[in-house]
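*Asks:* structure for the following, please:
(one chain, ligands or ions: 1)
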Amino acid sequence: MRFSDKVAIVTGGNFGIGRGIALRLAAEGATVAIAARDENRGHRVVEEIHDLGGECEFFKTDVTDEAEIIALIDNVVSQFGKLSLLVNNAGVGSQHCGIEADDPPAKRWQIFRRANLDSTYLACAHALPQLVKNPDSAIVNISSTASFHGNWGLYGVAKTGVDGLTRSFAAEAAPYGIRVNAISPGWIETSAQETAAAAGSEDGDWDMPPSLLNRMGTPGEIAATAAFLLSTEASFITGQTLVVDGGLMILDYPSRPSLESVGHRVYSHSGKYEAP
Ligand code: NDP
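*Replies:* Below is the predicted model of the structure:
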């Protein structure tokens, strides 16, 4: 129960990774405010958390709207008395961004920038005056390994901004004892069928494995990392982006066939061991 006296906002906490984070923080004692637009999904997660004995409320919020972010923080503080943890998880990826083929550059950039980067910046900035009032306050921003790759386009650019903002805001908030970190998830299964199909496999027999561990990650695995970074166990970690991708980023995919052709000669062992 690392968060028993904490009040947390989780943006996009009504679905996927955000839902996983909301469930985890509530399970560890936090009062959780879920901020997103879809009320039905939001209320479902609130009920789930209540059924597990946790404290949770849904606050209908469009995080691209500064006035709504201000209202969210005001409402959370007036209802629960304080704000100690902020998780900026809401975002828009390439699949459901709503961009049409003939949309102009400014519109494309605005869609990715507003949902992923502006929202994170505005929530950090408006939360800071409340976070400073409480000991051990912390922020976690959800970035993406797309920020390391060129082929994710403007989504990756916006998430690179989240990584930069995390460093900048960590420096700004450090004098108040507030830590700011980011998590860069790899492939995370939020809706099993949809995401498996998108990655080329529905049965785990991957054409291109989504991680070194031959599977996608789970929202619970991102939630466990978020809980660690928000807790005092991470008390000397700030301004960092932690990659949680099952090792995908450490693999040089194009070199795989040629490395496989030389067998185990490049490794320190022969590879003749029996796996359990
Ligand atoms: P989705 O990307 O499918 O859902 C996004 C969440 O953000 C929803 O809860 C949605 O709620 C919320 N959201 C989007 N726009 C807004 C808005 N304008 N105002 C308020 N809330 C908004 O979920 P995932 O779990 O896949 O992604 C969560 C985060 O993790 C995102 O930032 C994503 O970029 C990142 N990520 C995900 C990866 C993955 O493999 N799943 C990999 C790397 C990063 P609503 O529509 O109700 O507002």
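
*Asks:* C-alpha only now, for contacts and for neighbours.
*Replies:* Fine.

*Asks:* so what touches stretch 70-88?
*Replies:* 6-12, 33, 35, 59, 61, 119-120, 123-124, 126-127, 130-131, 134-142, 230 (C-alpha atoms under 8 Å, 6 or more residues apart in numbering).

*Asks:* repeat that for stretch 48-62.
*Replies:* 23, 26-27, 29-39, 42-43, 46, 68-69, 72.

*Asks:* same deal with stretch 163-181?
*Replies:* 121, 124, 128, 131-132, 135-141, 143, 182, 229, 235, 237-242.

*Asks:* spell out which residues of this structure are next to the ligand.
*Replies:* 11-18, 36-38, 61-64, 89-93, 115, 142-144, 185-190 (C-alpha under 6 Å from any ligand atom).

*Asks:* picking that back up, looking at the contacts of stretch 70-88, which are in helices?
*Replies:* Among the contacts of stretch 70-88, the members falling in helices (DSSP state H) are 119, 120, 123, 124, 126, 127, 130, 131, 230.

*Asks:* now, which of these sits nearest residue 160?
*Replies:* Residue 160 lies nearest to residue 120 out of these, by C-alpha to C-alpha, at 12.2 Å.

*Asks:* any weak-confidence spans in the stretch 51-200 of the chain?
*Replies:* Within the stretch 51-200 of the chain, the segments meeting pLDDT under 70 span 192-200.

*Asks:* need the strands for it, in chain order.
*Replies:* 55-60, 85-88, 138-142, 179-185 (DSSP state E, counting those that start in this stretch).

*Asks:* what pairs with the last one, and is each one parallel or antiparallel?
*Replies:* Yep, that's strand 179-185 we're talking about. Taking DSSP bridges as the criterion, strand 179-185 forms sheet pairs with strand 138-142 (parallel), strand 241-244 (parallel).

*Asks:* relative orientation of it and helix 119-131 in degrees?
*Replies:* Angle, strand 179-185 to helix 119-131, by axes from the mean of the first three to the mean of the last three C-alpha atoms, to 10 degrees: 150 degrees.

*Asks:* so how far is strand 179-185 off the chain centroid?
*Replies:* Centroid separation for strand 179-185 versus its chain: 8 Å, with C-alpha atoms, centre = their mean, to the nearest Å.

*Asks:* which residues touch the closest residue to residue 217 other than its chain neighbours?
*Replies:* Using C-alpha to C-alpha, 6 or more residues apart in numbering and skipping residues adjacent in sequence, the residue nearest residue 217 is residue 188, 4.4 Å away. Residue 188 is in contact with 17, 216, 217, 218, 219, counting by C-alpha under 8 Å, 6+ apart.

*Asks:* I figured the fourth one hits residue 190, correct?
*Replies:* Yes: using C-alpha atoms under 8 Å, residue 218 and residue 190 qualify as a contacting pair, with a distance of 7.1 Å.

*Asks:* so how far is residue 263 from the spatially closest residue to residue 264 that is not a sequence neighbour?
*Replies:* Leaving aside its sequence neighbours, residue 264 sits nearest to residue 270 (C-alpha to C-alpha, 6+ apart; 5.5 Å). To residue 263, residue 270 is 9 Å away according to C-alpha to C-alpha, to the nearest Å.

*Asks:* right, I'll leave it there.
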